[in-house]
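Colleague: Here is my input, please return the structure:
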Amino acid sequence: MTGRKTLVTALSDLFVSTDPEHAEQMSILVGDIIMQVMDELEEETRISLALKMCHHPAAPHDLMARLANDCFPVAEAVLRNSDVLDTTDLEGIARSCSMEHLEAIASRRKVEEAVTGILVDRGDEVVLTTVASNNGAQMANETFDRLVSMVKTYPRLQNALIRRSNLPQTAVRILAGLLTEEMAERVQSMGGDSELTRALAERAVDTVKERAAKLEASRKEAMAFIQKVVDGAVSLDEGIRHFIRNDGLAELGILLAKVSHLPMASVSQLIYGKSEKTLIVVCKATGVSDEGFKNILTVRARKVGLTGQEVAEAIKRYKNFSKEKAVEALDAIRAKTEPKEEVHEELPPEKEGVFRRSLPKKPKPVAV
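Modeller: This next block holds a predicted model:
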């Protein structure tokens, strides 16, 4: 065994020191001799041989192919560096060898389309990320599409793909729709006028439009439901339950404003105001049941931070408050909130052009 190791070492040293003019001839001779004893060489010797010859442009092809198909510690240097291996060699290894072999192939300075396709079909996350990060890995459009479609399964792919400058249009569109917000922001921060940057800008515009369309559809649906309550087709208590179930507090405020004929400006005050006095008046005057008021108050308590005692006291006040007083109080609230017409009184001639505004008297508030 020692004699064969010495022979292989001597032959490989002789080969790598041969001048370029005679390298091809020496390659055939050295290759034939070493191939005859390969089965008897220890792994350590094979690793040393691979490291020594993997960078040589005239290294024996059959020997390099044999080393590339060896166990990974032997094959690694050849797979990453040897230009002697051809596409057929690499395709065969990519189809049959380990993920470590595939990752080494994926890291080569240049990888042909056919080989890359196999790597993408067979590779795990490490292999795929290495392929995506390697600008020397040539890919057909279909291979790009397959690789991009895996970004949700393998998140690390995103970071590799956003740095590629040769993504085809179809892959760019797919990737733009799959990137996380963090990755999309990273692409924008990288600057430039890449296809991906433009696709992300278009996606942002489309997203805003979609959200606006959904909000408008939701608004129309809510307003149609509110109109059913106003028309009496749906009971007020059912309307309240509907919006509470759907977390529609803003819509609930609009509903209460509509049935009480109050301006929309008072909506937020009804639901989010510090005091529930106006809410008690509106609910009692419009016929909201004790249970309905309790439901509203429970939701309101979570939003404005009411204590359990405050909620209990408000419910008690609601039960004890008469509808007649509530109607009277609501009329007073409406009078305060309705727009007033300005009344102008003409002054004596010497002060012509100066007017004094006559304001209506404020109605007396009704205690709740």
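
Colleague: helices and strands of this protein: which one has the lowest mean pLDDT?
Modeller: strand 355-357 (a mean of 42; mean pLDDT, DSSP states H and E).

Colleague: Next up, the contacts around L11.
Modeller: Neighbouring residues of L11 by CB atoms under 8 Å, 6 or more residues apart in numbering: 30, 33-34. Yep, even glycine has a C-beta here, placed from its N, CA and C like the rest.

Colleague: Give the rounded mean pLDDT of the strand or helix carrying it.
Modeller: When elements are defined using DSSP states H and E, L11 is found to belong to helix 2-16. In this model, helix 2-16 has an average pLDDT of 88.

Colleague: what does stretch 49-67 give?
Modeller: On average, stretch 49-67 scores 96.

Colleague: quick check, distance from it to the centre of its chain.
Modeller: Here the centre of stretch 49-67 is set off from its chain's centre by 46 Å, with CA atoms, centre = their mean, to the nearest Å.

Colleague: From start to finish, how long is it in a straight line?
Modeller: 9 Å (CA to CA, to the nearest Å).

Colleague: which residues in the chain form strands?
Modeller: For the chain, applying DSSP state E gives strands covering 344-346, 355-357.

Colleague: okay, now A257: neighbour count?
Modeller: Neighbour count of A257, defined by other CB atoms under 10 Å: 21.

Colleague: Show the model's pLDDT score for it.
Modeller: 87.

Colleague: Wait, it touches S266, no?
Modeller: Yes: the pair A257 and S266 passes the contact test of CB atoms under 8 Å, sitting 5.9 Å apart.

Colleague: Low-confidence ranges, the stretch 101-250 of the chain, go.
Modeller: Along the stretch 101-250 of the chain, the parts satisfying pLDDT under 70 run over 178, 180-206.

Colleague: Sort out which residues of stretch 319-334 are buried, please.
Modeller: For stretch 319-334, the neighbour count (16 or more other CB atoms under 10 Å) marks 321, 326, 329-330, 332-333 as buried.

Colleague: Now that stretch: average pLDDT?
Modeller: Model confidence over stretch 319-334, given as mean pLDDT, is 91.

Colleague: All good on my end, thank you.
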